[in-house]
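In: My questions are about this predicted structure, shown below with the sequence.
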Amino acid sequence: MTTTQTPTAPEPVHQRIDAALHRLASFGGDLVDHANRIGAILWSPPRIVVVGRLKAGKSTLVNALIGAPVAETAALEATNVVTVYENGAPSRADVVLTDGSRGPVPLSFGTTVELGHSPTDVAYVHRYVPSQALSRITLVDTPGLATLTVANAAATERALIDGFEQTRAASVDADAAVFLFDSMPRSDEIDFLHRVGFTPLNTLGVLSRADGFGRGVLGRRDPIGHATRHAAVLAERLRDVVGSVVPVAGLLAQTAHTGAFTERDARALAALAPFAPLELFDLLDADDGTLPVPREQVVRLIDMVGEYGLVHGRHAATGGAHGVNGWLTSVSGIDPLTAVLDRSLRRFAVLHRAGRILSELDSLAYSHPARDGIREIVSTLDSDPVLVPVGLLRALKSLLETDPDAPAVAELTRVLRGTTIAACLDVDPATPPEQLRAVAQERLVAVQAQSLSTRSAAEDVALAALTRAYMSMFRAGS
Ligand SMILES: Nc1nc2c(ncn2[C@@H]2O[C@H](COP(=O)(O)OP(=O)(O)OP(=O)(O)O)[C@@H](O)[C@H]2O)c(=O)[nH]1
Ligand SMILES: [Mg+2]
């Protein structure tokens with residue numbers, strides 16, 4: 001490992017686990033099936049779940065990310081079942097019931113799922129959509145959390161808890177979360193995230209509906225600029241919950257990415273250019289025929305680009321639908337969001353998935369008649385320096401569950417976040433390799449000293465994982 005390489009790159013992690021699965025399959029018998037089943041988990045894209053309050057804009061954001069209007073967002077239609085959107089052709093849907101059974105369900109009008117079951121019997125709907133965007137991640141849309149809809153929260157929780165044995169088949173196995181809120185999240189929403197086992201490393205905050213933030217488009221401050229500054233404040237306040245907070249106007253991104261905006265819409269928007277913003281809304285309210293385009297057309301524009309787009313998108317409309325789509329994309333914040341999803345969130349999602357697979361192997365090593373051979377495979381993986389970050393993340397998760405105030409929490413988080421050895425050690429990026437070695441050795445000694453008086457089994461595991469991490473950093477410099 002050199003200082004320029006990331007110690008948490010996922011691809012070598014995949015290769016190591018794949019090699020271990022080949023060894024597992026070589027034992028023959030039912031272990032071939034186990035290896036295939038676990039291999040399918042390994043090679044499928046990580047699952048990112050979108051959670052948040054009722055009407056926070058979750059389904060709209062899912063559509064924007066997929067680039068097709070597949071998730072229901074009608075103002076009166078709340079999402080009432082967890083829905084997994086996975087890349088696949090032809091477009092189709094399965095329903096997975098709470099007893100783990102699964103069967104195909106028809107799609108009406110090409111997108112709406114005909115459940116044929118009461119939502120309380122449904123664990124989740126599995127939608128296959130041909131989509132380039134879904135080839136790297138699978139997205140999971142969830143019913144909104146709200147104190148008034150306990151059933152919704154229960155449905156989401158039931159599908160997210162990574163249950164073993166009896167609930168495994170009915171769990172969506174999420175690896176990371178996008179947490180949407182349009183103001184400060186409530187404590188019950190935060191509790192929910194902790195309960196389903198997400199850490200700030202695999203949770204990204206989204207300040208949604210940024211186009212209407214504060215007093216909206218008619219306010220003194222630009223809502224998106226205001227939302228951007230507020231996102232930085234929220235990121236600081238929510239640092240125990242999310243890794244960062246990105247402001248996003250999902251509606252604007254959805255319109256731009258789904259091709260909903262036509263040339264006719266662009267002409268109508270351009271025709272509204274002569275009016276001052278306030279005058280525009282007054283004329284719309286008065287509905288006295290003074291507007292140069294029919295009222296329904298203006299209402300359609302607001303449905304697609306919001307009041308913000310109506311006011312500020314007019315200048316872009318002279319460039320036609322293409323001009324408007326480009327402008328919508330740039331102000332929506334979708335590109336920065338996609339970049340974070342693709343880099344940090346996906347990285348931790350992949351590590352999380354790898355951890356899940358190691359747990360599967362652990363339980364096989366415990367229960368299978370060929371346990372000795374399987375234990376050998378597990379111990380080879382456990383001592384592999386490439387899998388160090390997987391062990392760190394597993395240790396962090398269990399420490400957060402049992403002893404969230406333990407000092408190792410901050411240390412594990414820092415080492416996991418680092419993409420270079422210097423960052424993992426929290427030293428100047430220009431630190432020469434021999435000095436990095438010395439710092440790694442100091443940390444190693446400190447961790448070993450702490451190991452003499454631990455408070456819990458989870459802390460023991462955490463310190464062992466840190467020992468392995470510092471050891472591999474120490475060796476990397478030699
Ligand atoms: N102006 C504006 N409106 C938005 C934005 N995102 C969503 N909306 C609107 O908010 C309403 C709810 O959006 P959804 O995406 O259905 O919200 P949801 O969180 O999936 O709602 P539930 O599934 O019912 O919890 C819809 O009318 C959307 O058009 C946004 O970024 N800006
Ligand atoms: Mg929804």
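Out: Structure's in. What do you need? Ligands and ions are numbered 1, 2, ... in the order given.
In: excluding its backbone neighbours, what's nearest Arg186?
Out: Residue nearest to Arg186 in three dimensions, not counting chain neighbours: Arg53, with 7.4 Å by C-beta to C-beta, 6 or more residues apart in numbering. Bear in mind the C-beta positions are built from the backbone N, C-alpha and C, glycine included.
In: residues contacting that neighbour?
Out: With C-beta atoms under 8 Å, 6 or more residues apart in numbering as the criterion, the residues that contact Arg53 are 144-146, 180-182, 185-186, 189.
In: Can you classify the closest residue to Pro336 other than its chain neighbours by secondary structure?
Out: Across the structure, with C-beta to C-beta, 6+ apart as the measure, the residue nearest Pro336 apart from its sequence neighbours is Val246 (5.8 Å). For Val246, the secondary structure call by DSSP: H, G, I helix; E, B strand; the rest coil comes out as strand.
In: partner residues bridging Val246?
Out: On the basis of DSSP bridges, Val246 takes part in beta bridges with Val206.
In: going on from the helix or strand where Thr156 lies, what's the next piece of helix or strand?
Out: Secondary structure from DSSP states H and E places Thr156 in helix 150-160. Using DSSP H and E, the next helix or strand after helix 150-160 towards the C-terminus is strand 176-181.
In: got the contact list for that following strand?
Out: By C-beta under 8 Å, 6+ apart, the list of residues contacting strand 176-181 from outside reads 46-53, 56-58, 61, 185, 189, 193, 196, 198, 202-208, 234, 241-242, 341, 345-346, 348-349, 352.
In: For the longest helix along the chain, enumerate the helices and strands it packs against.
Out: Secondary structure of the chain read by DSSP state H shows that its longest helix is helix 346-367. The helices and strands touching helix 346-367, judged by 3 or more C-beta pairs under 8 Å, 6 or more residues apart in numbering; DSSP states H and E, are helix 10-26, helix 30-43, strand 47-52, strand 176-181, helix 371-382, helix 388-402.
In: Let me have these in JSON lines, extended by distance to Val331 and mean neighbour count.
Out: Formatted as JSON lines, the entries for the helices and strands packed on helix 346-367 read as follows, by distance: least, C-beta to C-beta, whole Å; neighbours: other C-beta atoms under 10 Å:
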{"stretch": "helix 10-26", "distance to Val331": "32", "mean neighbour count": "17"}
{"stretch": "helix 30-43", "distance to Val331": "37", "mean neighbour count": "15"}
{"stretch": "strand 47-52", "distance to Val331": "21", "mean neighbour count": "26"}
{"stretch": "strand 176-181", "distance to Val331": "18", "mean neighbour count": "26"}
{"stretch": "helix 371-382", "distance to Val331": "46", "mean neighbour count": "16"}
{"stretch": "helix 388-402", "distance to Val331": "35", "mean neighbour count": "22"}
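In: Let me have these in JSON lines, adding distance to ligand 2 and mean pLDDT as columns.
Out: Listed next are the helices and strands packed on helix 346-367 as JSON lines, based on distance: least, C-beta to the ion, whole Å; pLDDT from 0 to 100:
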{"stretch": "helix 10-26", "distance to ligand 2": "30", "mean pLDDT": "90"}
{"stretch": "helix 30-43", "distance to ligand 2": "27", "mean pLDDT": "93"}
{"stretch": "strand 47-52", "distance to ligand 2": "9", "mean pLDDT": "90"}
{"stretch": "strand 176-181", "distance to ligand 2": "10", "mean pLDDT": "92"}
{"stretch": "helix 371-382", "distance to ligand 2": "39", "mean pLDDT": "94"}
{"stretch": "helix 388-402", "distance to ligand 2": "28", "mean pLDDT": "91"}
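In: To what extent is the residue in the stretch 151-300 of the chain that ligand 1 sits nearest to buried, counted in neighbours?
Out: Residue of the stretch 151-300 of the chain nearest ligand 1, by C-beta to the nearest ligand atom: Leu251 (3.4 Å). For Leu251, the neighbour count with other C-beta atoms under 10 Å is 28.
In: thinking again about what came up before, who wins for neighbours among the contacts of Arg53?
Out: Greatest neighbour count in the contacts of Arg53, by other C-beta under 10 Å, goes to Leu180: 26 neighbours.
In: And that one, how far from Arg209?
Out: 9 Å (C-beta to C-beta, to the nearest Å).
In: what's the overlap in contacts for the two?
Out: Counting by C-beta under 8 Å, 6+ apart, the residues touching both Leu180 and Arg209 are 56-57.
In: contacting residues around Gln435?
Out: The contact partners of Gln435, taken as C-beta under 8 Å, 6+ apart, are Val427.
In: Quick check: which element contains the residue nearest to Gly309 when sequence neighbours are not counted?
Out: Here the nearest residue to Gly309 in space, its sequence neighbours aside, is Leu252; by C-beta to C-beta, 6+ apart that works out to 6.0 Å. Assigned by DSSP H and E, Leu252 belongs to helix 250-258.
In: Pull the number of nearby residues for the residue of the stretch 251-400 of the chain found nearest ligand 2.
Out: With C-beta to the ion as the measure, Gln254 is the residue of the stretch 251-400 of the chain nearest to ligand 2, at 12.1 Å. Counted by other C-beta under 10 Å, the residues lying close to Gln254 total 28.
In: count of neighbours near the closest residue to it other than its chain neighbours?
Out: The shortest distance from Gln254 to any residue other than its chain neighbours is 4.1 Å, reached at Ala64 (C-beta to C-beta, 6+ apart). Other residues near Ala64 come to 30 when the count uses other C-beta under 10 Å.
In: same deal with Gly205?
Out: Residues near Gly205, counting by other C-beta under 10 Å: 25.
In: got it, and the one 5 residues further on?
Out: Counted by other C-beta under 10 Å, the residues lying close to Ala210 total 29.
In: touching ligand 1 at all, stretch 330-346?
Out: No: Stretch 330-346 is not in contact with ligand 1 by C-beta under 6 Å from any ligand atom; minimum separation 7.6 Å.
In: same thing with stretch 191-210?
Out: Yes: interface with ligand 1: stretch 191-210 contributes 208-209 (C-beta under 6 Å from any ligand atom).
In: Briefly note if that stretch comes near ligand 2.
Out: No: in this structure, stretch 191-210 remains apart from ligand 2 according to C-beta under 5 Å from the ion; the gap is never smaller than 11.6 Å.
In: Going by neighbour count, which residues in that stretch are buried?
Out: Along stretch 191-210, these residues count as buried under the neighbour rule (16 or more other C-beta atoms under 10 Å): 192-193, 196-210.
In: which bits of this structure sit near ligand 2?
Out: 58-59, 79.
In: mind listing which of those are in strands?
Out: When those are checked against strands using DSSP state E, none is located there.
In: Among those, which one has the most neighbours?
Out: Neighbour counts for those were taken using other C-beta under 10 Å; the highest belongs to Lys58, with 30 neighbours.
In: Just grab the bridge partners of the residue nearest to it when sequence neighbours are not counted for me.
Out: Excluding the flanking residues, the one nearest Lys58 by C-beta to C-beta, 6+ apart is Val50, at 4.7 Å. Listed beta-bridge partners, Val50: Asp141, Val178 (assigned using DSSP bridges).
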